[in-house]
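Novice: give me the fold of what follows.
(one chain, ligands or ions: 1)
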Amino acid sequence: MSKIKKPETGADRARPIDRQKAHEIQAFGHVTRLPIALSENVASQSVENLNQVLADTITLRDLYKKHHWQVAGHTFYQLHLLFDKHYEEQNELVDTIAERIQSLGGISLAMAADVAETTIIPRPPRGREEVPVQISRLLEAHEFILKEARTMAKQASEDGDDGTNDVLVSDIIRTNELQVWFVAEHVVDVPLVRSDNAPKSESAKAAKA
Ligand SMILES: [Fe+2]
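Specialist: I've put the predicted structure just below:
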């Protein structure tokens, strides 16, 4: 005797189908071919390079947020704002790089644990550091990114991957160079109130006499 299938009640049909599981549709590291007139080898090389610069950009972005929260001293307010501005700009870069990877048929790194395993930027301590140390860390991280981005840009250009070359040069290199300037000027040791050649104050002269 065949079972008669009951029609689904309203309640059954409204139930979300959660806890679903299945195999991945694309493995990390596998590049799927898209009709963008680039060979699979070229796309794969660009994806690999971009994932490295993505991991480093996510790390630098987060370093800016850490320093935005933890900055101390009498330049607190301006650095608190500047660090957050650079965080937002790096965040834009993260999205640009990740979407470039996807548009090449690759898979972008995304999660913190995977980023931590991939980045070449040294891990900072959890604790709070002085402003000159914070700035040194940021400048070092920028330089790692600039160095690798220039090498990768050359490779992309030689391979004919102009889109990747453009992202690396116009977005990554230009943004990082500009941010280096804004940050580096904070550790130039120039006088704040009295120039080196200013006459000594009367009280200083009196103290010397
Ligand atoms: Fe904030």
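Novice: C-alpha from now on. contacts and neighbour counts both.
Specialist: Will do.
Novice: run the chain-centre distance for the one helix or strand Gln90 maps to.
Specialist: When elements are assigned from DSSP states H and E, Gln90 belongs to helix 76-103. Distance of helix 76-103 from the chain centroid (Cα atoms, centre = their mean, to the nearest Å) equals 6 Å.
Novice: quick one: list the elements packing against that helix.
Specialist: Under the contact definition 3 or more Cα pairs under 8 Å, 6 or more residues apart in numbering; DSSP states H and E, helix 76-103 sits against helix 40-70.
Novice: quick one: contacts for the residue most central in space within the chain?
Specialist: Among the residues of the chain, Thr57 comes closest to the average C-alpha position under Cα atoms, centre = their mean, at 2.1 Å. The neighbourhood of Thr57, defined by Cα atoms under 8 Å, 6 or more residues apart in numbering, consists of 90, 93-94, 145.
Novice: 10 Å instead?
Specialist: With contacts defined as Cα atoms under 10 Å, 6 or more residues apart in numbering, Thr57 is in contact with 51, 63, 90-91, 93-94, 97, 115, 119, 121, 141-142, 144-145, 172, 176.
Novice: likewise for Ala112?
Specialist: Taking Cα under 10 Å, 6+ apart as the contact definition, Ala112 lies against 55, 58-59, 118.
Novice: so which of these is the most crowded?
Specialist: Comparing those on neighbour count, Ala55 comes out first with 28 neighbours (neighbours: other Cα atoms under 10 Å).
Novice: returning to what we had before: is it possible to mark the buried ones in the contacts of Thr57?
Specialist: Among the contacts of Thr57, those classed as buried by neighbour count (16 or more other Cα atoms under 10 Å) are 51, 63, 90-91, 93-94, 97, 115, 119, 121, 141-142, 145, 172, 176.
Novice: shaky segments in this protein?
Specialist: Low-confidence regions of the chain, defined here as pLDDT under 70, cover residues 1-11, 201-209.
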